[in-house]
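Trainee: dropping the sequence and predicted coords here.
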Amino acid sequence: MSNPTVHIEHAARQPARGRFSRAAGFWAIAASMATLTAFSTAPSPLYSLYRRQDHLSSITVTIVYAVFAAGIVVSLLLVGHLSDWYGRRTLLIPAIATALAAALIFATSTSLPALIVGRVLTGLALGAATATAGAYLTDLDSGPNGVATRRAQIVSTVANVGGLATGPLVAGLLATYVPSLPRLIYVIFAVLLTLALVVTWRSPEVRPLPEPRPRYRPQRLAIPAAARTQFSAALTGDFLVFTVFGLFAGLASAFLSGSLHRSSPALAGLTVFISFGVGAMTQVATATWPQRRLLALGVPVLILGLTVIVTGAWVHPPSLALFLTGAGLVGVGSGSIFRSALTTVLTTAPPKDRAAALALFYVVGYLGLSLPVVAAGIALQHASFKLILLTFAIVVTTGILLATPRLRRLSTKN
């Protein structure tokens, strides 16, 4: 006599009519996530244009950046964990639709009110989607026991960081070489996000949902008791890495147009692309490395990269070559540490709490991405960029050195 449990499990793993297979759904969700993250950073090289066209001050641009970051954190706290209860696709579709609304706003206007509303919506969309998409990829590629695969870990980080890298580069190139259509990038993203909605809707939901559904509550910022040491170390590295990435997402354009007198959006986009893109490629190249080796590479190279960047700003005249070289080194160091930290979260979080664990991971990360940059934007009203950059590098380097003993705890079992 056949076992009904086996039949139920087998049926749950078969795609419903009109849905993609698990393999096709995996790549569809990865592409959707990359599109959303690319859209989220696309405005980075364009802020100098907005500043000139709409006479925006640096503090106003900082406020635009701040509301984006606030939207991410609020969304992560309020809904980032809900896909564990209601399904990955159920949460990801509204998140992409929210990003699409932001793209349509940007495509029709880049006035200050439109920038603020659009960036808030983008932050809300990214916060809801980041943890959900990462958990979704892990579900679609995991085995029967729900254990995260190496491929899911790599694809998740590349879709996230690779998207963050690609958006500014494409936006900067279009703004430089197709200046007659300044909002073309947002029309393109509106089309891509529409496609992302379609393929996400067709992707299968493969993880059983809890019954009855838990009562709603915001995300609790609690570290899982069973992996407290690993999680606290991972969150430390997470915060510091995102802080460094924030330097390029929020301040690269200011350095290029100010200290170097180079206002090209393409160059600003290239700078962000080098940092984030090298970080993504590093994660692919080190896919088989144990965490101890990742940290041995990441920590010293990150500190070296910060040193080169500061040197490039302080030499006379300031050196673009050093700044770009430092961006690449920072990408190598940050990418190594980021993958080590994210791997810890994916492999230690129970499947039923995976989205909640990732939500906590990204709350900490996006706080690191936003708070120091907002503080630097305010400080620019009173101090030179190179002094702020030096202070920033000293603080981050000190944090990395103090955190290194804790970060090495990530590798105790690897």
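Mentor: Alright, I've got the coordinates.

Trainee: would you map the helices across the stretch 101-250 of the chain?
Mentor: For the stretch 101-250 of the chain, applying DSSP state H, counting those that start in this stretch gives helices covering 112-141, 150-177, 184-202, 228-258.

Trainee: tilt between the third one and helix 150-177?
Mentor: Okay, so that is helix 184-202. With axes from the mean of the first three to the mean of the last three Cα atoms, to 10 degrees defining the directions, helix 184-202 sits at 160 degrees from helix 150-177.

Trainee: name the surrounding residues that touch helix 184-202.
Mentor: Helix 184-202 is contacted from outside by 18-20, 25, 28-29, 31-32, 35-36, 38-39, 42, 89, 92-93, 96-97, 99-100, 103-104, 106-107, 170-171, 174-175, 178, using Cβ atoms under 8 Å, 6 or more residues apart in numbering. In short, each C-beta sits where N, CA and C put it, glycine included.

Trainee: quick one: low-confidence parts of this structure?
Mentor: 1-18, 143-148, 221-227, 407, 409-414 (pLDDT under 70).

Trainee: that older thread, right, and the helices of the stretch 101-250 of the chain - which one's nearest residue 217?
Mentor: Closest to residue 217 of the helices of the stretch 101-250 of the chain is helix 112-141 (Cβ to Cβ; 15.8 Å).

Trainee: other SSEs contacting that closest one?
Mentor: On a contact count with 3 or more Cβ pairs under 8 Å, 6 or more residues apart in numbering; DSSP states H and E, helix 112-141 meets helix 22-41, helix 58-79, helix 83-86, helix 88-108, helix 150-177, helix 354-379.

Trainee: nearest to residue 321, out of those helices?
Mentor: Among those, helix 150-177 sits nearest to residue 321 (Cβ to Cβ), with 18.6 Å.

Trainee: what's near enough to touch the closest residue to residue 161 other than its chain neighbours?
Mentor: Nearest residue to residue 161, sequence neighbours excluded (Cβ to Cβ, 6 or more residues apart in numbering): residue 280, at 4.3 Å. Counting by Cβ under 8 Å, 6+ apart, residue 280 touches 157, 158, 161, 162, 165, 335.

Trainee: quick check: phi and psi on residue 280?
Mentor: phi -70, psi -40 (degrees, to the nearest 10).

Trainee: circling back: adding mean neighbour count as columns, could you present the helices and strands packed on helix 112-141 in JSON lines?
Mentor: Formatted as JSON lines, those follow (neighbours: other Cβ atoms under 10 Å):
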{"stretch": "helix 22-41", "mean neighbour count": "23"}
{"stretch": "helix 58-79", "mean neighbour count": "21"}
{"stretch": "helix 83-86", "mean neighbour count": "22"}
{"stretch": "helix 88-108", "mean neighbour count": "22"}
{"stretch": "helix 150-177", "mean neighbour count": "23"}
{"stretch": "helix 354-379", "mean neighbour count": "23"}
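
Trainee: can I get these in TSV with distance to residue 130?
Mentor: Shown next, in TSV, are the helices and strands packed on helix 112-141 (distance: least, Cβ to Cβ, whole Å):
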stretch	distance to residue 130
helix 22-41	8
helix 58-79	7
helix 83-86	11
helix 88-108	9
helix 150-177	7
helix 354-379	5
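
Trainee: closest one to residue 256 among those helices?
Mentor: Ranked by Cβ to Cβ, the member of the helices and strands packed on helix 112-141 that lies closest to residue 256 is helix 150-177, at 10.6 Å.

Trainee: can you name the two of the contacts of residue 280 that sit furthest apart?
Mentor: Spanning the widest gap among the contacts of residue 280 are 157 and 165, at 11.8 Å by Cβ to Cβ.

Trainee: nearest residue to residue 358 in space, ignoring adjacent ones along the chain?
Mentor: Closest to residue 358 by Cβ to Cβ, 6+ apart is residue 131, at 3.7 Å.

Trainee: give me every residue that touches that neighbour.
Mentor: By Cβ under 8 Å, 6+ apart, the contact list for residue 131 reads 76, 80, 81, 83, 355, 356, 358, 359, 361, 362.

Trainee: right, and the pair among those with maximum separation?
Mentor: 83 and 361 (14.5 Å).

Trainee: next, count neighbours for residue 241.
Mentor: The number of residues packed near residue 241 is 30, by other Cβ atoms under 10 Å.

Trainee: wait, it sits on residue 368?
Mentor: Yes: the pair residue 241 / residue 368 is scored as a contact, 7.3 Å apart, by Cβ atoms under 8 Å.

Trainee: C-alpha coordinates for stretch 111-120, PDB please?
Mentor: In PDB, the C-alpha atoms belonging to stretch 111-120 read as follows (Å, rounded to 0.1, in the frame of the first residue of the first chain):
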ATOM      1  CA  SER A 111      11.200  67.300  -9.600                       C
ATOM      2  CA  LEU A 112      12.000  67.200  -5.900                       C
ATOM      3  CA  PRO A 113       8.500  65.900  -4.800                       C
ATOM      4  CA  ALA A 114       8.700  63.200  -7.500                       C
ATOM      5  CA  LEU A 115      12.200  62.200  -6.400                       C
ATOM      6  CA  ILE A 116      11.100  61.900  -2.700                       C
ATOM      7  CA  VAL A 117       8.000  59.900  -3.500                       C
ATOM      8  CA  GLY A 118       9.700  57.700  -6.000                       C
ATOM      9  CA  ARG A 119      12.700  57.000  -3.700                       C
ATOM     10  CA  VAL A 120      10.300  56.200  -0.800                       C
END
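
Trainee: now do the buried residues in that stretch.
Mentor: 112, 114, 115, 116, 117, 118, 119, 120 (16 or more other Cβ atoms under 10 Å).

Trainee: which residues touch residue 101?
Mentor: Counting by Cβ under 8 Å, 6+ apart, residue 101 has contacts residue 121.

Trainee: hmm, try it at 10 Å
Mentor: Residues in contact with residue 101 (Cβ atoms under 10 Å, 6 or more residues apart in numbering) are 117, 118, 121, 122, 124, 125, 190, 193.

Trainee: separation between the last one and residue 33?
Mentor: In other words, residue 193. Using Cβ to Cβ, to the nearest Å, residue 193 is found at 12 Å from residue 33.

Trainee: overlap of the contact sets of the two?
Mentor: Residues touching both residue 193 and residue 33 (Cβ under 10 Å, 6+ apart): residue 96.

Trainee: quick one, phi psi at residue 206?
Mentor: phi -110, psi -10.

Trainee: what about it, how many neighbours?
Mentor: 21.

Trainee: and for residue 317?
Mentor: Counted with other Cβ under 10 Å, residue 317 comes out at 8.
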